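Enquirer: Take this sequence and fold it.
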Amino acid sequence: MIESKLTTSGIFFSAPAKSRWFSVWKRGFPWYKKRTLNGYGLSARIFLAKLSIEKSEKLSGLLNRRALTDQAMSGLARAKRKQQPFALAMVDIDHFKSVNDTYGHAAGDQVLSQLAARLTAAVRASDNVGRWGGEEFLVLLPESNREQALVAAERLRTLIEAAPMRVEGDIQVKVTVSIGVGLSRDPHASAIVLDTIIRTADDALYQAKAAGRNRVVVAAT
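Expert: Predicted coordinates:
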């Protein structure tokens, strides 16, 4: 009989043929598909579910910062390999503090959740959306040049502005966002630094805020 247990550091399996515990985290998980029929399957599914939870941000259900960073690094590597452009959009809710101050933090959480749903509905299947922190969201836009990224960001902005969000039952809150777009400066370069692209997007977001909010600014290349 195969026994399993879930610990704070991962799932461990014990088999009678071997007396010691095996760490999934240390050994990896390449044998999952091969052993789903001999007693490992259920614990494997628990493990995969745990991984899924760890990659998601609890309130919004979107990718969390760490998982989003992993996706961005993969996207940048793919852009380099295929010599394609890569862009990302930093999305920030305008005057979010006033929402919390006026309607309460529960209403603010509902705005975050609804915003996440609208962003998800507006992007392509190849894009990724995650919560970067606080009221900031990050949208990864692979294979998008400057013009395509601008169109995508404007689509997000107008969709969010188009209809108020309903919170606390019947309260309608008008929500707008400012968006800064960062671009990979040279998709053919030997190395593309994610931090640099995020920093340029953040700078563009600051410019959008300073210019009056509810607008998109694309970083200069």
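
Enquirer: Nearest residue to Glu136 in space, ignoring adjacent ones along the chain?
Expert: Counting by C-beta to C-beta, 6 or more residues apart in numbering, Asp92 is the residue found nearest to Glu136 once chain neighbours are left out, at 5.0 Å. No exception for glycine: its C-beta is placed from N, CA and C like everyone else's.

Enquirer: I'd like the distance between that neighbour and Leu205.
Expert: When C-beta to C-beta, to the nearest Å is the yardstick, Asp92 and Leu205 sit 6 Å from each other.

Enquirer: next one: Leu59
Expert: The separation that Leu59 has from Leu205, given C-beta to C-beta, amounts to 21 Å.

Enquirer: Of these two, which one has the most company?
Expert: Ranked by neighbour count (other C-beta atoms under 10 Å), Leu59 and Leu205 place Leu205 first, with 24 against 12.

Enquirer: returning to that earlier point: could I get the contacting residues of the residue nearest to Glu136?
Expert: Residues in contact with Asp92 (C-beta atoms under 8 Å, 6 or more residues apart in numbering) are Glu135, Glu136, Phe137, Val177, Ser178, Ile179, Gly180, Leu205, Lys209.

Enquirer: Quick check: the gap between the closest residue to Ile93 other than its chain neighbours and Leu183.
Expert: Once its chain neighbours are removed from consideration, Ile93 has its nearest residue in Glu135; the separation is 4.1 Å (C-beta to C-beta, 6+ apart). Going from Glu135 to Leu183 by C-beta to C-beta gives 23 Å.

Enquirer: more crowded one of these two?
Expert: Counting neighbours by other C-beta under 10 Å for Glu135 and for Leu183 shows that Leu183 has the greater number, 24 against 20.

Enquirer: Which parts of this protein are helices?
Expert: 24-27, 41-55, 65-82, 96-103, 105-122, 146-162, 194-210 (DSSP state H).
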